[in-house]
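**Q** here you go, sequence then predicted model.
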Amino acid sequence: MIRFSISFDNRSKKEIDNLDKDFLQGFTLGFQKAILIAEAGAKKRSPVLTGHLRRSIRSGAKIDIRKASGWVGSDVIYAPIQEEGGIIRPKRYKYLKFQIRGQWRSVKQVYIKGKHYLERGMVENLARIKDVIRNEIVKSMNKGK
């Protein structure tokens with residue numbers, strides 16, 4: 001799961017209260033759209049065999065007066081190893097058994113290379129995400145004039 005946030009923690013309550021309502025409305029809409037862009041990027045980059053992992057990718061946001069935070073991730077049990085990589089070992093038996101191109105294999109462990117599809121979905125769209133937030137703020141501020 002990838003988590004990200006924008007914080008206004010170093011601002012006093014008075015400074016935050018004085019922020020233009022149109023600015024806050026534009027920022028909120030822009031941040032929500034940015035999270036959907038990151039989710040779409042992760043889905044585009046996710047490894048696909050059956051499509052289950054891709055369909056399971058979700059996102060969410062929480063925005064309050066001091067902080068905006070969001071996440072993109074999956075609750076599928078194998079999502080973390082697909083993202084970060086790692087070693088799979090058998091739990092009950094001595095070997096893992098699986099079929100590749102019609103032939104059965106028995107191995108003591110398998111190394112899965114990390115795909116970093118969540119991270120890449122965010123990083124590759126960073127410029128677009130910044131533009132969306134900026135454009136929504138400007139649009140909202142101009143609407144109030």
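**A** Yes, it's here.
**Q** so what touches the helix or strand in which Lys33 is found?
**A** Lys33 is located in helix 21-45, with elements delineated by DSSP states H and E. Contacting residues not belonging to helix 21-45 are listed as 2, 6, 54, 57-61, 63, 68, 70, 72, 115, 117-118, 120-122, 124-125, 128-129, 132-141, 143-144 [C-beta atoms under 8 Å, 6 or more residues apart in numbering]. The way it works is simple: take the backbone N, C-alpha and C, and place the C-beta from them, glycine included.
**Q** are any of these buried, and which?
**A** Among those, the ones that count as buried by 16 or more other C-beta atoms under 10 Å are 2, 54, 57, 59, 61, 63, 68, 70, 72, 115, 117-118, 120-122, 125, 129, 132-133, 136-137, 140.
**Q** quick check: the residue lying closest to Gly41 once chain neighbours are set aside vs Arg45, distance?
**A** In space, and not counting its chain neighbours, Gly41 is closest to Gly121: 3.1 Å by C-beta to C-beta, 6 or more residues apart in numbering. Distance of Gly121 to Arg45, computed by C-beta to C-beta, to the nearest Å: 5 Å.
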